[in-house]
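Q: Structure for this input, please:
(chains A, B and C)
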Amino acid sequence: MTPPIPDPVSVRRRLLRWYDRNARDLPWRYKKGDPPDPYRVWLSEIMLQQTTVAAVKGYFDDFTTRWPAVGDLAKAELNDVLHAWQGLGYYARARNLHKCAQAIAGERAGRFPDTEPELKALPGIGDYTAAAIAAIAFDRRATPVDANIERVTARLFALGDTLPKGRKKISERASLLTPKNRPGDFAQALMDLGAGVCTPKAPDCSACPLTPECLAAGQGEAERYPVKVAKAARPVRYGMVFWAVQGDGRVLLRQRPEKGLLGGMTEFPSTDWRKQIWSSAEAAKQAPVKGRWRRLDGVVRHTFTHFHLELTVLTAEVAIKREPEGALWSKPSGFSDHALPTVMKKIADHASRNVPGYSS
DNA sequence: TACTCGTGGGA
DNA sequence: TTCCCAAGAGT
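A: Predicted coordinates for the structure are as follows:
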């Protein structure tokens, strides 16, 4: 015989009771009785996209201190926002964050819309984030489906369709669970549960308030859900970075194009990042300035979402007659004034240990 | 639809 | 070491 389908009423009651005792204390969560601040809810949701709570906390504190309200963020320079975002990754989020703040401050008198369609029309806000803000900040009956809620729901209903194809069905089931009362708490409860109990590996079903309703747990196979298609292997790409130093110790930097990988961030100039290894001589043809390029020992490795990168550093002391396009010279002690992504910080660290006569 | 887009932590 | 994974969005 088939087990009964999980009962939404029971799931809601069990989960919210659990949440009242076990909710995590997070910087962006308002205290009971306080009205939620849509700005803080929005900011946290953008930062948390594909990013762990631990990674976000420090950035959230920094942003809310520097820019306490959406109007403050709207008035900031994009470069300052990118700089503050440095290290958090997915830099299009920072550009869209700034754009969204300006739309809110400029066209909506600083007030966030409170419905999913209006929210979704704003830059950087998609299905998930629109539903999350509507539920958490505005108490709307909306169903955000992130990876946690997707996993919990797939297990609860033992949905074995492979992702990403099976997403729609999971999302539909999830929306059946959402209560009219406390929809924001319910969503956050599911996320806390997914993060701490109903984990991807080795879920702790004995500690889960939903185990009595959970079809996957009933099968003793919670970990099997959701079923995902295997990801393609990450290829390796190679590049050569030019560490050009002037006599006074300043190093050449430049700004990356606005779109694409690390868009708008600052970098040390380099060749293309391609599938073939570079020879020093071949790479030198792409150098931004003339110089006697010498190859440093060792490589800098960095992994992006869809490829591994291996960078080799070429150094030269240069005397500049004509400035390269978009040139930006800075002593290492001034690097912190620039929005350097993590991969470029690795380059700077590598150079500091290996460039002869390196001085900060 | 299927890519692109960062980074760090944990198994 | 390597792989998986994370409060997804844009194109």
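Q: and the residue in the stretch 101-250 of chain A that DNA strand B sits nearest to, how many neighbours?
A: Nearest residue of the stretch 101-250 of chain A to DNA strand B: A:Lys201, at 5.5 Å (Cβ to the nearest atom of the strand). All C-beta spots, glycine's among them, are computed from the backbone N, C-alpha and C. Burial of A:Lys201 is recorded as 5 neighbouring residues (other Cβ atoms under 10 Å).
Q: Could you report the neighbour count for the residue in chain A positioned nearest to DNA strand B?
A: Among the residues of chain A, A:Gly89 lies nearest to DNA strand B; the distance is 2.7 Å by Cβ to the nearest atom of the strand. Neighbourhood size, A:Gly89 [other Cβ under 10 Å]: 17.
Q: host element of the nearest residue to it once chain neighbours are set aside?
A: Spatial nearest neighbour of A:Gly89, chain neighbours left out: A:Thr51 (6.9 Å); criterion: Cβ to Cβ, 6 or more residues apart in numbering. In this assignment (DSSP states H and E), A:Thr51 forms part of neither any helix nor any strand.
Q: Assess the claim that A:Thr51 and A:Trp85 are in contact.
A: No - using Cβ atoms under 8 Å, A:Thr51 makes no contact with A:Trp85, being 11.0 Å away.
Q: Comparing those two, which shows the higher neighbour count?
A: Ranked by neighbour count (other Cβ under 10 Å), A:Thr51 and A:Trp85 place A:Trp85 first, with 24 against 15.
Q: Please name the nearest non-neighbouring residue to that one.
A: Nearest residue to A:Trp85, sequence neighbours excluded (Cβ to Cβ, 6+ apart): A:Ala94, at 3.8 Å.
Q: For the helix or strand containing that neighbour, name the packing helices and strands.
A: Counting by DSSP H and E, the element that carries A:Ala94 is helix A:92-107. For helix A:92-107, the packing partners by 3 or more Cβ pairs under 8 Å, 6 or more residues apart in numbering; DSSP states H and E come out as helix A:38-47, helix A:70-75, helix A:78-85.
Q: Give me the contact list for the last one.
A: Put plainly, it is helix A:78-85. Outside helix A:78-85, the residues that touch it by Cβ atoms under 8 Å, 6 or more residues apart in numbering are A:59, A:62-63, A:66, A:73, A:91, A:93-95, A:97-98, A:264-265, A:337-339.
Q: and that helix with helix A:38-47, angle?
A: Here the directions of helix A:78-85 and helix A:38-47 differ by 70 degrees (axes from the mean of the first three to the mean of the last three Cα atoms, to 10 degrees).
Q: right, is helix A:78-85 up against DNA strand C?
A: No - Helix A:78-85 is not in contact with DNA strand C by Cβ under 7 Å from any atom of the strand; minimum separation 13.8 Å.
Q: pLDDT of that helix, averaged?
A: Throughout helix A:78-85, pLDDT has a mean value of 98.
Q: Now do the buried residues in that helix.
A: Residues of helix A:78-85 classed as buried by neighbour count (16 or more other Cβ atoms under 10 Å): A:78, A:81-85.
Q: close to DNA strand B, is it?
A: No - on the criterion Cβ under 7 Å from any atom of the strand, helix A:78-85 is out of touch with DNA strand B, staying 9.4 Å away.
Q: try the longest one
A: No - using Cβ under 7 Å from any atom of the strand, helix A:38-47 stays clear of DNA strand B, with a minimum separation of 9.1 Å.
Q: For the following helix or strand past that helix, the averaged confidence score.
A: The helix or strand immediately downstream of helix A:38-47 is helix A:53-66, counting by DSSP H and E. In this model, helix A:53-66 has a mean pLDDT of 97.
Q: How about stretch A:270-279?
A: Mean pLDDT, stretch A:270-279: 95.
Q: for it, which positions count as buried?
A: Quick answer for stretch A:270-279 (16+ other Cβ under 10 Å): A:270-271, A:273, A:278.
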